[in-house]
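Colleague: make a model of this:
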Amino acid sequence: MTQTVNSIDLEQRLLHEQVSILLNHLPGVVVGTVVLACGAAWLLILQNLPTLPVLGWLAGMALYSMLRLTLLLGRRRYPPAGANLRRWAWVLTAASAGAGAMWGLIPWLFFVPDNLYAQAVIAIALGGILASANQSIGAYWPAHLAFDIPCSLPFSIQCLITGESASITLGVLSLLFLVFSASFARSIPQSLRQSIALRMENEALVQSLTRAKEHAEASERRKTRFLAAASHDLRQPIHAMGLFVPALQRLVRHARPSPHALADIADRMNSVLESMGQLLHVLMISRLDSGAVTVRRAPCALNPVLQQVCEVLREQAKAKGLRLQLVETRLWARADPAVLHTVLLNLVANAVRYCEHGGVLVGARRRGGEVQIQVWDTGIGIPEQDLPRVFDEFYQARNAHRTSAQTRGFGLGLSIVQRSAELLDARLNVHSRLGRGSVFSVFLMRCDPEATAPALRRKPAPTTSGQVVLVLDNDEQVVRALTHLLTGLGHTVLGAQAMREALVLTWNNSASISLIVADYHLSETFDGLQAISRLRGILEREVPALIITGDASVHLTDDDVSQNITLLNKPVDPRALQRWMNEATPSTAAID
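Modeller: Got it, this is the predicted structure:
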């Protein structure tokens, strides 16, 4: 019996099975008892024993057997289940004891010490009834024992006290038969228990497979309904972009562009890109479902993670006129920084998305042995009836599209939060008041700071002077796009698509390069961190560097952060990129 079967449930199921077997066998037991009793009475009469006492015993046995049948009527009125099971077991045991006592009257009433043949007849009759009891009531050992002892023991005692060697031998044999019969009956419930345990395991397995199948089918139906309902929304961003691009080209080529018209088209194209960025949530869900996200739980300083999340979304909040405030903390927790970043980024992004005035507050506090990270907002709130489902896939609250200014999401952000939190063994909590705002909480196990962890550098004061930026990416379109963007911001860009080209540019411009922007996946054997290390080796100073990646599993170590390296995930918000450049100050410190 495996540990997957609950012992209490097993014993309850076993008792129910035993009581059911005894009740189901009762009609056959009664018929068999009456037939055997008639045969035993006839043999006793043939041995010239008093006829009336024998017939009186036979009548008593028949009457008692009929009374046992009334238990079947009680079964209909009081079904053997729940609290009644134990009571039924005791009633059936008492009934078996009574039947055994009726058979045990034969040695007391009709035993003839000097008639060995009569003793043999009684022994055969009792042996036959004991053998049949193994099959009829052997499933419940207490009932079988209650029958065996009063049935067989009186005959053994009578044989042993006669003093005759033949009778003593017969008595000893009957005792041995009683022991063997009881021992054999003891093994029947054990076999029954194993059979029931196996059956329960199979039932549990079937239920588990059924639930898994139903869950998979339900998930598939939800995704199918979502894709069917949202196909128009998925096509809209591409359709809109396809209209904006030729409109922009025509405006530039065939007319004098108006700053207002250009700004309007640029703003609308930016909104379209934000909508297309929501599609990346589908990829994140697929990674979580496939188990492709690797979790490395370790002591983690919370403040750097919270700072990075707020930095990514600060410009977006500022553009909406919102205050995004971070309460600094010195708390540490056991977590994977990359997965925790995903959780908090989605929570804060949701808060900014559905907040039209006021602001968003992010902080952490100690809660016993846990750390509670909270994201407060003064947004539209969530209806109470929607709270139990806010973490479901593709689910959006009823008031999620109340304003046209909000970019429509796909109902996946909070589902990513829940699945990522499960990877961290973190608890989630949400409270909300409609029209007043919401607060989402993440609970993590608190831990002490690592003594060997390097101290994180504070960001220097912003600077707006033009920089010389080395851009390294193996995609030509990305290099061109960054070049246009950064040039427009007043910076000088040195673009490279290969490491060799970047090394040449660095060697020729080592005195002027002040920032490095590199893609993480440059080749199968070389990544952006390695590239930054080699380029800094030529520059002989710790130039501020930015890693850009579309891989959500990539995260920086404390050593990377302490070496003035920052990470931004694709698609990169140009406002976040500009903020990083404004706050990055070229370092003059030499590399050891």
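Colleague: domain map for the chain?
Modeller: Following automatic domain parsing, the chain resolves into domains at 7-209, 299-447, 468-583.
Colleague: now for these, which one comes closest to residue 262?
Modeller: Nearest to residue 262 among these is domain 468-583 (12.5 Å), distances taken as Cβ to Cβ. From N, CA and C alone the C-beta is placed, and that goes for glycine too.
Colleague: let me see the mean pLDDT of the closest one.
Modeller: Mean pLDDT, computed over domain 468-583, is 86.
Colleague: likewise stretch 435-451?
Modeller: 87.
Colleague: related to what we said a few turns ago, so which of the domains of the chain comes closest to residue 259?
Modeller: Relative to residue 259, the nearest member of the domains of the chain by Cβ to Cβ is domain 468-583, separated by 14.1 Å.
Colleague: thinking again about what came up before, could the domains of the chain be laid out in JSON lines, adding distance to residue 215?
Modeller: What follows is these, written out as JSON lines (distance: least, Cβ to Cβ, whole Å):
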{"stretch": "domain 7-209", "distance to residue 215": "10"}
{"stretch": "domain 299-447", "distance to residue 215": "12"}
{"stretch": "domain 468-583", "distance to residue 215": "24"}
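Colleague: just so I know, which of these lies nearest residue 246?
Modeller: Distances from residue 246 to each of the domains of the chain were compared by Cβ to Cβ, and the smallest falls on domain 468-583, at 18.9 Å.
Colleague: got the domains of the chain as TSV, with distance to residue 242 and mean neighbour count columns?
Modeller: As requested, the domains of the chain are exported to TSV (distance: least, Cβ to Cβ, whole Å; neighbours: other Cβ atoms under 10 Å):
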stretch	distance to residue 242	mean neighbour count
domain 7-209	47	17
domain 299-447	19	18
domain 468-583	17	18
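Colleague: out of these, flag the one nearest residue 247.
Modeller: Taking Cβ to Cβ as the criterion, residue 247 comes closest to domain 468-583 out of the domains of the chain, the separation being 19.0 Å.
Colleague: now the closest one: how far from the chain's centre is it?
Modeller: Computed by Cα atoms, centre = their mean, to the nearest Å, the chain-centroid distance of domain 468-583 equals 40 Å.
Colleague: what's the end-to-end length of that domain?
Modeller: Taking Cα to Cα, to the nearest Å, the first and last residues of domain 468-583 lie 14 Å apart.
Colleague: before we move on, what about stretch 380-388?
Modeller: End-to-end distance of stretch 380-388: 17 Å, with Cα to Cα as the criterion.
Colleague: rounded mean pLDDT for it, please.
Modeller: The predicted model assigns stretch 380-388 a mean pLDDT of 79.
Colleague: distance of residue 527 from residue 570?
Modeller: Per Cβ to Cβ, to the nearest Å, residue 527 is found 15 Å from residue 570.
Colleague: ditto for residue 355
Modeller: With distances defined as Cβ to Cβ, the gap from residue 355 to residue 570 amounts to 25 Å.
Colleague: which one of the domains of the chain lies closest to residue 251?
Modeller: Within these, the stretch nearest residue 251 is domain 468-583; the backing value is 17.5 Å (Cβ to Cβ).
Colleague: please name the nearest non-neighbouring residue to residue 167.
Modeller: residue 159 (4.5 Å; Cβ to Cβ, 6 or more residues apart in numbering).
Colleague: off-centre distance for the helix or strand that neighbour falls within?
Modeller: Counting by DSSP states H and E, the secondary-structure element that holds residue 159 is helix 141-162. If you compare the mean C-alpha spot of helix 141-162 with that of the full chain, they lie 57 Å apart, counting by Cα atoms, centre = their mean.
Colleague: packing partners of it?
Modeller: Secondary-structure packing of helix 141-162 (3 or more Cβ pairs under 8 Å, 6 or more residues apart in numbering; DSSP states H and E): helix 84-110, helix 116-136, helix 165-254.
Colleague: those helices: lowest mean pLDDT?
Modeller: Across the helices and strands packed on helix 141-162, the stretch with the lowest average pLDDT is helix 165-254; it has a mean of 76.
Colleague: and that one, what does it pack against?
Modeller: helix 7-46, helix 116-136, helix 141-162, helix 259-277.
Colleague: those: lowest mean pLDDT?
Modeller: Out of these, the stretch the model trusts least by mean pLDDT is helix 259-277, with a mean of 70.
Colleague: just give me the longest strand of this structure.
Modeller: For the chain, the longest strand by residue count, based on DSSP state E, is strand 437-447.
Colleague: that strand: what's the following helix or strand?
Modeller: Scanning forward in sequence from strand 437-447 by DSSP H and E, the next helix or strand is strand 468-472.
Colleague: and that following strand, what other elements does it pack with?
Modeller: The elements that strand 468-472 packs onto, with contact taken as 3+ Cβ pairs under 8 Å, 6+ apart, are helix 476-488, strand 492-496, helix 499-508, strand 515-519, helix 528-539.
Colleague: distance to residue 305 added to the helices and strands packed on helix 141-162, as JSON lines?
Modeller: Listed next are the helices and strands packed on helix 141-162 as JSON lines, based on distance: least, Cβ to Cβ, whole Å:
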{"stretch": "helix 84-110", "distance to residue 305": "56"}
{"stretch": "helix 116-136", "distance to residue 305": "70"}
{"stretch": "helix 165-254", "distance to residue 305": "30"}
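Colleague: for residue 48, which of those helices is the nearest?
Modeller: Taking Cβ to Cβ as the measure, the helices and strands packed on helix 141-162 were each checked against residue 48, and helix 116-136 came out nearest at 8.8 Å.
Colleague: contacts for the closest one next, please.
Modeller: In this structure, residues lying in contact with helix 116-136 by Cβ atoms under 8 Å, 6 or more residues apart in numbering are 25, 28-29, 32-33, 36, 39-40, 43-44, 47, 49, 103, 106-107, 110-112, 144, 147-148, 151-152, 155, 159, 164, 166-167, 170, 173-174, 177-178, 181, 184-185, 188.
Colleague: now with 6 Å?
Modeller: Residues from elsewhere that reach helix 116-136, judged by Cβ atoms under 6 Å, 6 or more residues apart in numbering: 25, 29, 32, 36, 40, 43, 47, 103, 106, 112, 147, 152, 155, 166, 170, 174, 181, 185.
Colleague: in this structure, which residue is closest to the centre?
Modeller: Among the residues of the chain, the one closest to the centroid is residue 422, at 7.4 Å (Cα atoms, centre = their mean).
Colleague: can you tell me the element that residue falls in?
Modeller: Using DSSP H and E, the secondary-structure element containing residue 422 is helix 413-423.
Colleague: pLDDT on that helix, on average?
Modeller: Over the span of helix 413-423, the pLDDT mean works out to 76.
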